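> I'll drop the sequence and a predicted model, then ask my questions.
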Amino acid sequence: MSVRFQKMQGLGNDFVVIDKRHQAFSPTLNNVSKICDRRLGIGCDQFVLLDTPSLPGADVLVRFFNPDGSEAGACGNASRCVAALLGHAPVLQTQVGLLPSLVTETGEIGIDMGAPRLGWREVPLARETDTLVLPLPGAPAACSMGNPHATFFNGIRDAAQFGPELEHDPLFPERANIGFGQIRARDNLRLRVWERGAGLTPACGSGACAAVVNGVRRNLLDRRCIVEMDGGSLRIEWREDGHVLMIGPATLVFEGEWPQ
Ligand SMILES: N[C@@H](CCC[C@H](N)C(=O)O)C(=O)O
């Protein structure tokens, strides 16, 4: 039996989406890692499962899986892709709650990513630590956007070289996404992200949100900021109400049938 899928991308961060509301599919480790495999499967940075929501006000339940099979609480670029796919600015139900979406006049997609979590237990970190200055060489800052992020502000480094060890540092009991940032101006950040469970990707939406939050907390960035990644730019605003708005493109690449 085969299942219908859509391949989507946002800034080159790519996703296979399967809508379980209309067909049977079980996100086993084998299913997920095979679909994500660029040689043996369809190929993507994350697998996205749509299901029936349980919360009032939600249009769809969205779950995000990394190629290593781990489930992530948030994925900014995939959230924009799901909103673009469903149309009519849906409200997404994720592990962190309801994420409203919007469509701009130019057809870009915005997601209200909710409020960042700044406490050490919420990131989470392994022990009581000031999340603004982690006790690691290069002193990154940490926060959670529904998934754990640490951001360095000492320049674009070779993420593939430094990312794997930092992702697995004992300070991060659930591992972490690692951002390498270079401040270009108070409203412009160059960023590269080593993603937990996925490796180096062209762009990371939640990583861009976390980087702006951490940059504002460090008084390096303004609350409205362009984040330029290898795959393109996102507009991020950490609003005065505490929520982070992320705006950028999202498009369908192709669709097809996956023989499960
Ligand atoms: N690409 C995503 C983040 C995906 C999840 C992440 N690798 C994690 O495990 O937390 C994004 O655009 O935010």
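Right, received. Where do you want to start? Source: prediction; values computed, not measured.
> hey, let's count contacts and neighbours off CA atoms from now on
Fine.
> Show the model's pLDDT score for the spatially closest residue to Val244 that is not a sequence neighbour.
In space, and not counting its chain neighbours, Val244 is closest to Trp238: 4.4 Å by Cα to Cα, 6 or more residues apart in numbering. The model reports Trp238 with a pLDDT of 98.
> Kindly provide the distance from Trp238 to Pro164.
The gap separating Trp238 from Pro164 is 28 Å, by Cα to Cα, to the nearest Å.
> So for those two, which residue has more residues nearby?
Using other Cα atoms under 10 Å, the more surrounded residue of Trp238 and Pro164 is Trp238, with 24 against 20.
> so what's that one up against?
Neighbouring residues of Trp238 by Cα atoms under 8 Å, 6 or more residues apart in numbering: Cys209, Val212, Val213, Arg223, Arg224, Val244, Leu245.
> nearest to the ligand, of those residues?
Of all the contacts of Trp238, the ligand sits closest to Cys209, with 8.4 Å by Cα to the nearest ligand atom.
> just checking, the closest one touches Met145?
Yes: if you go by Cα atoms under 8 Å, Cys209 and Met145 touch, sitting 7.4 Å apart.
> Around the ligand, pick out the residues from the stretch 151-260 of the chain.
Residues of the stretch 151-260 of the chain lying close to the ligand (Cα under 6 Å from any ligand atom) are Glu195, Arg196, Gly197, Ala198, Cys204, Gly205, Ser206, Gly207.
> Farthest-apart pair in the residues you listed, please.
Pairwise distances among those were taken by Cα to Cα; the largest, 15.2 Å, belongs to Gly197 and Gly205.
> Neighbour count for these two, which is higher?
Under the neighbour definition other Cα under 10 Å, Gly197 and Gly205 were set side by side, and Gly205 has more, 31 against 21.
> number of nearby residues for the nearest residue to that one once chain neighbours are set aside?
Nearest residue to Gly205, sequence neighbours excluded (Cα to Cα, 6+ apart): Gly76, at 4.1 Å. Counted with other Cα under 10 Å, residues neighbouring Gly76 total 24.
> Now for Gln182: which residues touch it?
Applying Cα under 8 Å, 6+ apart to Gln182 gives the contacts Phe153, Asn154, Gly155, Ile156, Leu189, Arg190, Leu191.
> Break the chain down into its structural domains.
With domains defined by automatic domain parsing, the chain comprises 2-103+249-259, 141-242.
> would you list every one of the helices in the protein?
Applying DSSP state H to the chain gives helices spanning 29-36, 76-86, 159-167, 205-217.
> Please report phi then psi for the residue nearest the centre of the chain.
The residue lying closest to the centre of the chain (Cα atoms, centre = their mean) is Cys75, at 2.8 Å. Cys75 has phi and psi values of phi -160, psi 110 when expressed as degrees, to the nearest 10.
> distance of it from Leu136?
The gap separating Cys75 from Leu136 is 25 Å, by Cα to Cα.
> Test my guess that the residue nearest to the centre of the chain contacts Cys209.
No: in this structure Cys75 lies outside contact range of Cys209 using Cα under 8 Å: 10.5 Å.
> just to revisit the earlier point, output the residues of the stretch 151-260 of the chain next to the ligand as a markdown table; include the columns distance to His149 and pLDDT.
Formatted as a markdown table, these follow (distance: Cα to Cα, whole Å; pLDDT from 0 to 100):
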| residue | distance to His149 | pLDDT |
| --- | --- | --- |
| Glu195 | 9 | 98 |
| Arg196 | 9 | 98 |
| Gly197 | 13 | 98 |
| Ala198 | 14 | 98 |
| Cys204 | 11 | 98 |
| Gly205 | 11 | 98 |
| Ser206 | 8 | 98 |
| Gly207 | 7 | 98 |
